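In: This is a predicted model, with the sequence first.
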Amino acid sequence: MKNKILFLMAAMAAIFNIHAQNSGDTKIVLITLDGFRWQELFTGADSLLIGNNDYVDDADMLKRAFWRETPEERREALLPFFWGQVKKMGQIHGNRKLGSKVNLTNSMWFSYPGYNEILTGAADDARIRSNDKKPNPNTTILERYNNTPEGKGKVAAFGSWDVFPFIINEERSGVPVNAGFEAATENLNEREKFLNELQEQIPSPWGAVRLDAFTHHYALEHMKKEHPKLVYISYGETDDFAHDGDYQAYLKSANNTDALIKEVWEFTQQDDFYKDQTVFIITTDHGRGTQPLDTWRSHGGDIKGAGAVWMVAFGNDVQPMGEVGQEEQLYSNQFAPTILKLLGMPVVEDITGEPIKL
Ligand SMILES: [Zn+2]
């Protein structure tokens with residue numbers, strides 16, 4: 001009798017699983033960390049930078065927080081959510097020391113071309129050659145999904161960098177983008193009103209990028225209220241602190257972003273709309289240099305290694321492979337078609353990347 005019940009439960013679970021896969025119930029949270037290196041993701045704090053007074057004010061504090069004997073301990077100290085929970089439930093691609101490679105296909109190796117590739121599924125080196133605020137001639141998957149009956153009004157994007165309304169072509173696409181120093185504007189809850197106030201009162205160190213906590217909480221509040229099926233959150237601090245040459249702030253920001261992503265994940269797992277139906281895909285728009293040492297601050301076509309990136313995936317039906325330790329070559333133009341497939345959408349011709357089977 002007990003066996004029969006177990007069998008029945010397994011059969012029902014299988015049916016529900018198929019149902020969840022095929023009925024277009026899958027929700028996607030796409031996240032990027034601007035210019036966060038694969039080196040820190042897989043080996044934690046860099047031995048040549050963490051005690052270097054050119055880049056760090058308080059080396060003792062920083063070492064207490066993030067220095068450990070082995071790379072495995074260091075990465076876990078830096079990114080406890082990634083290397084604790086995500087390693088168990090998902091996939092972490094891009095450890096080049098193990099042969100797992102993820103690369104950009106664009107040859108620019110800076111932000112607009114990187115985000116264009118991630119969001120459209122194709123590099124466009126002929127037209128996307130600067131970070132200028134020009135409306136993207138290409139169509140992102142956010143726009144494609146927003147143009148379907150299932151996706152209409154169910155897409156939203158949040159970015160710390162003020163160029164996102166152009167990358168996503170907010171005007172043409174109709175996808176709402178809250179980026180840069182924009183406030184939340186529609187049927188505001190108390191938390192959003194407070195965020196709007198704080199955003200005025202906590203100056204950003206930069207002219208074009210806000211602090212990530214604002215982007216994060218605007219996104220989270222919107223998810224609670226509107227339940228978009230496709231959400232894009234772009235955190236930006238890591239790139240700007242690196243350009244500033246501030247390794248201390250770069251590490252602290254990466255550590256904080258790991259906790260922010262954990263918070264988004266935990267929200268989705270206690271919300272009926274998202275629970276057990278949501279896939280997270282996380283990546284970066286470009287790498288940075290390593291040699292000469294000062295090139296850790298930079299990226300672009302002339303910086304060796306800045307085309308090397310990484311990808312993390314977890315959530316509904318994503319195989320728990322952990323850290324990928326076999327030879328593989330993935331490209332950033334594969335994320336958009338992967339997401340379209342998960343959403344049950346056709347992969348159109350303009351897309352050059354092949355979907356990844358997660
Ligand atoms: Zn940059």
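Out: Structure received.

In: When you work out contacts or count neighbours from here on, use the C-alpha atoms and nothing else.
Out: Noted.

In: and the gap between residue 213 and residue 314?
Out: Counting by Cα to Cα, to the nearest Å, the gap from residue 213 to residue 314 is 22 Å.

In: One more: residue 143?
Out: Distance from residue 143 to residue 314, by Cα to Cα: 24 Å.

In: got it, and residue 130?
Out: Taken as Cα to Cα, the span from residue 130 to residue 314 is 32 Å.

In: Also residue 231?
Out: 15 Å.

In: cool, residue 325 as well?
Out: Applying Cα to Cα, the value for residue 325 to residue 314 is 17 Å.

In: who's more crowded, the two?
Out: Counted by other Cα atoms under 10 Å, residue 325 and residue 314 do not tie: residue 314 has more neighbours, with 25 against 16.

In: what's the neighbour count on residue 295?
Out: 18.

In: Would it be right to say that it lies in a helix?
Out: Yes. Looking at residue 295 with DSSP: H, G, I helix; E, B strand; the rest coil, it is inside a helix.

In: And the nearest residue to it once chain neighbours are set aside, how close does it get to residue 257?
Out: Spatial nearest neighbour of residue 295, chain neighbours left out: residue 289 (4.6 Å); criterion: Cα to Cα, 6 or more residues apart in numbering. Separation of residue 289 from residue 257 (Cα to Cα) stands at 21 Å.

In: do the same with residue 132
Out: Going from residue 132 to residue 257 by Cα to Cα gives 26 Å.

In: ok, back up a step: wait, the residue nearest to residue 295 touches residue 309, no?
Out: No. Using Cα atoms under 8 Å, residue 289 is not in contact with residue 309, being 11.5 Å away.

In: Which of the two has more residues huddled nearby?
Out: Between residue 289 and residue 309, counted using other Cα under 10 Å, residue 309 has the larger neighbour count: 28 against 22.

In: For the more buried one, list the residues it contacts.
Out: Contact analysis of residue 309 by Cα atoms under 8 Å, 6 or more residues apart in numbering lists 37-38, 94, 101-104, 283-287.

In: Kindly confirm my reading that residue 274 is in a strand.
Out: No. Residue 274 is assigned coil when assessed by three-state DSSP, not a strand.

In: Tell me the pLDDT of it.
Out: The model reports residue 274 with a pLDDT of 98.

In: The residue lying closest to residue 51 once chain neighbours are set aside: neighbouring residues, count only.
Out: Closest residue in space to residue 51, ignoring its immediate chain neighbours: residue 59 at 5.2 Å, by Cα to Cα, 6+ apart. Residues within reach of residue 59, counting by other Cα under 10 Å, total 17.
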